[in-house]
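> need coordinates for the below:
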Amino acid sequence: MNLVLTYWTRLRKTGLCGPVVALLGSLWLLHHLLTSELYSFSGARTGYGPLSWPEFSLIMLIVSTGLICVSRAWTCICKRQVTGIEGKVPEACDNTKAAIGGWLILLYGLGFVFLGFLLSSVLFLIVWMLYGGVRNLLTLATLSVLGTLAPLYLLVKLAYMPLPRGVGVFETATIQIYEWLGIF
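Next comes the predicted model:
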């Protein structure tokens, strides 16, 4: 038991726990996404387009966490220590907030398939601003609605780009909102 705790303590001190978990989780999600029946029937596999966002974001998350793992492992193996201005070794930074932000972006990309661009963008912007510390309801409502409507009009109304509308009831709601906004 002491041996396991010793290895766990060493692993925790290297800062590899979070990136390794994120890497393994991203690989599992990418596998699940590429083998999902809903994803293959949604038309995303016919080429690259707006529905390719979850795939691209997962690949970028895998590449970035892989590079972080390699960098931290290399630093640990070489036992390099970077000293600060005062000559002290800085404490390891906590990447938890950045990792949660990455997962929020990943969930936003996955939300395209199920919720559609409109609903997933509004929800993402609200959650992202709450996570960033914005608590004013007027600011949350204004920025999330305007931050979604501006690209929506630009991409759907002006550029005629077919953004994902969601699945089932979300597709019906998106089409209804498009009609109210005069996009259709």
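
> number of nearby residues for the closest residue to L155 other than its chain neighbours?
Using CB to CB, 6 or more residues apart in numbering and skipping the chain neighbours, the partner closest in space to L155 is M161 (4.4 Å). Using the backbone N, CA and C atoms, a C-beta is placed for each residue, glycine as well. Number of residues near M161 (other CB atoms under 10 Å) recorded here: 13.

> and the pLDDT at M161?
pLDDT, M161: 80.

> for the one 10 residues further on, same thing?
Reading off the per-residue confidence, E171 sits at a pLDDT of 92.

> longest helix of this structure?
helix 96-132 (DSSP state H).

> mind listing what's buried along it?
For helix 96-132, burial by neighbour count (16 or more other CB atoms under 10 Å) applies to 99, 102, 105-126, 128-129.

> list the helices and strands the helix or strand just after that helix packs on?
Of the helices and strands lying after helix 96-132 in sequence (DSSP states H and E), the nearest is helix 137-152. Judged by 3 or more CB pairs under 8 Å, 6 or more residues apart in numbering; DSSP states H and E, the packing partners of helix 137-152 are helix 96-132.

> so which elements touch the helix it packs on?
Applying 3+ CB pairs under 8 Å, 6+ apart, one finds that helix 96-132 makes contact with helix 17-35, helix 37-41, helix 53-78, helix 137-152, helix 169-181.

> roughly how far is that helix from the heart of the chain?
Put simply, helix 96-132 sits 6 Å off its chain's centre (CA atoms, centre = their mean, to the nearest Å).

> same check, this time on stretch 142-154
19 Å.

> sorry, back to before: quick one: the residue nearest to L155 and G182, what's the gap?
Relative to G182, M161 is positioned 17 Å away (CB to CB, to the nearest Å).

> same question for S64.
40 Å.

> more neighbours, those two?
S64 (15 against 8).

> sorry, back to before: does the residue nearest to L155 belong to a helix, a strand or coil?
coil (DSSP: H, G, I helix; E, B strand; the rest coil).

> what do you get for the one 5 residues further on?
Here G166 is recorded as coil under three-state DSSP.

> now do the contacts for the nearest residue to it once chain neighbours are set aside.
Residue nearest to G166 in three dimensions, not counting chain neighbours: G116, with 3.1 Å by CB to CB, 6+ apart. When contacts are counted by CB atoms under 8 Å, 6 or more residues apart in numbering, G116 touches L163, P164, R165, G166, F170, E171, T174.

> change it to 6 Å
By CB atoms under 6 Å, 6 or more residues apart in numbering, the residues touching G116 are P164, R165, G166, F170, T174.

> which one of the residues you listed is nearest to V20?
Of all those, V20 sits closest to P164, with 31.7 Å by CB to CB.

> any idea how far the closest one is from T6?
P164 is 49 Å from T6, by CB to CB.

> the more surrounded of the two?
Each of P164 and T6 has its neighbours counted (other CB under 10 Å); P164 has more, 24 against 10.

> kind regards, and thank you for your time.
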